[in-house]
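Chemist: Quick one, structure for this:
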Amino acid sequence: FNSDEDCDDTDPLINPGATEIPNNEVDEDCDGTAQVVDEDNDGFNSDEDCDDTDPLINPGATEIPNNEVDEDCDGTVSVTGDSATVTLQISTSEGVPFTGVLVDISGAINMQITSDMNGQLTVPLPADSSTVTLTFSREDSANRGLSALDIVIMRRHILGLALIEDPLLLQAADTNNNGSVSVIDIVQVRNVLLGFWESFPNRPTWNFEPTSIDLSMENAGQSVQIQAFKTGDVNASATNQ
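Modeler: Here you go, the predicted structure:
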């Protein structure tokens, strides 16, 4: 490459045909820019971020003790005495382990964990007296598990012919989330079942009881039960896939 097209004709590794090396502040291929790579968009480039696929792991992150993860990329994992954790068991209203639930942890510790195939996950606790708040979510199609049978069960409940006794299934029937089951809820189930609506306007597809929980070191070693129910699915037929 002649000097009229080579941006540094004193270095044979810099020319319009060279391969750009990211994050070294050098324009190897003479395109006028130095390549910068930050795949997880956490503000730390891949040359200094020890896991550039996870925005919660970078040199500026807060180290979470006793989870065997090097969040702050200092080459070590933090261990403070005995590991302090809480075990969550997430199940459907029928007691079936519920996998794929995203648990968002905020407060003294900020991270996200997904329940495993047994519906379980382990939550780390802060070493001091501060608390963490857990909230739950699960992405799914709103019409999964819905059928004409759900509408029949809701109609019989409204007419007093066969009441829905299970508290979680009663909440599932209350699709508009107004505290009661009425014809409006039946209409909403029908709209989703027939494809007129892609989602319920007043409830997420999956709901959890409790909706959120606060945990601290006082809960260390405990096992907490979380139950899941699907909006409109009053016969609990939605699959766990």
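
Chemist: Disregarding flanking residues, what is the spatial nearest neighbour of the residue nearest the centre of the chain?
Modeler: Ranked by distance to the mean C-alpha position of the chain (C-alpha atoms, centre = their mean), the top residue is L102 at 3.3 Å. In this structure, L102 finds its nearest non-sequential neighbour in S137, 5.0 Å apart by C-beta to C-beta, 6 or more residues apart in numbering. Any C-beta I mention is one placed from the backbone N, CA and C, and that applies to glycine too.

Chemist: again, but for T62
Modeler: Nearest in space to T62, with sequence neighbours left out and distances taken as C-beta to C-beta, 6+ apart, is E71 at 6.5 Å.

Chemist: Then A18?
Modeler: Among residues not flanking A18 along the chain, E28 sits closest, at 4.3 Å (C-beta to C-beta, 6+ apart).

Chemist: quick one: pLDDT of the one you found?
Modeler: At E28, the model reports a pLDDT of 90.

Chemist: What of S130?
Modeler: Looking at S130, its pLDDT stands at 86.

Chemist: number of nearby residues for it?
Modeler: 12 (other C-beta atoms under 10 Å).

Chemist: Am I right that the residue nearest to A18 is in contact with E20?
Modeler: Yes - if you go by C-beta atoms under 8 Å, E28 and E20 touch, sitting 5.1 Å apart.

Chemist: Compare those two (neighbour count), which wins?
Modeler: Using other C-beta under 10 Å, the more surrounded residue of E28 and E20 is E28, with 21 against 15.

Chemist: ok, now how distant is that one from P59?
Modeler: E28 sits 25 Å away from P59, going by C-beta to C-beta, to the nearest Å.

Chemist: distance of the residue nearest to T62 from L193?
Modeler: In terms of C-beta to C-beta, E71 sits 44 Å off from L193.

Chemist: Kindly report the same for A148.
Modeler: According to C-beta to C-beta, A148 stands 8 Å off from L193.

Chemist: Comparing these two, which residue is more hemmed in?
Modeler: L193 (17 against 10).

Chemist: ok, that one - contacts?
Modeler: Residues near L193 by C-beta atoms under 8 Å, 6 or more residues apart in numbering: N143, L146, S147, A148, D150, I151, G232.

Chemist: Likewise for R155?
Modeler: Contacts of R155 by C-beta under 8 Å, 6+ apart are I186.

Chemist: for stretch 224-234, the distance to its chain's centre please.
Modeler: 17 Å (C-alpha atoms, centre = their mean, to the nearest Å).

Chemist: Then stretch 165-174?
Modeler: 25 Å.

Chemist: So for it, what gets flagged as buried?
Modeler: For stretch 165-174, burial by neighbour count (16 or more other C-beta atoms under 10 Å) applies to L168, L169, L170, Q171, A172, A173, D174.

Chemist: Isn't the last one up against I184?
Modeler: No - the pair formed by D174 and I184 falls short of the contact definition of C-beta under 8 Å, at 9.8 Å.

Chemist: Thought S180 was touching L170, still the case?
Modeler: No - using C-beta under 8 Å, L170 makes no contact with S180, being 9.5 Å away.

Chemist: Check for me that D104 belongs to a helix.
Modeler: No - residue state for D104 (DSSP: H, G, I helix; E, B strand; the rest coil) corresponds to strand; a helix is not indicated.
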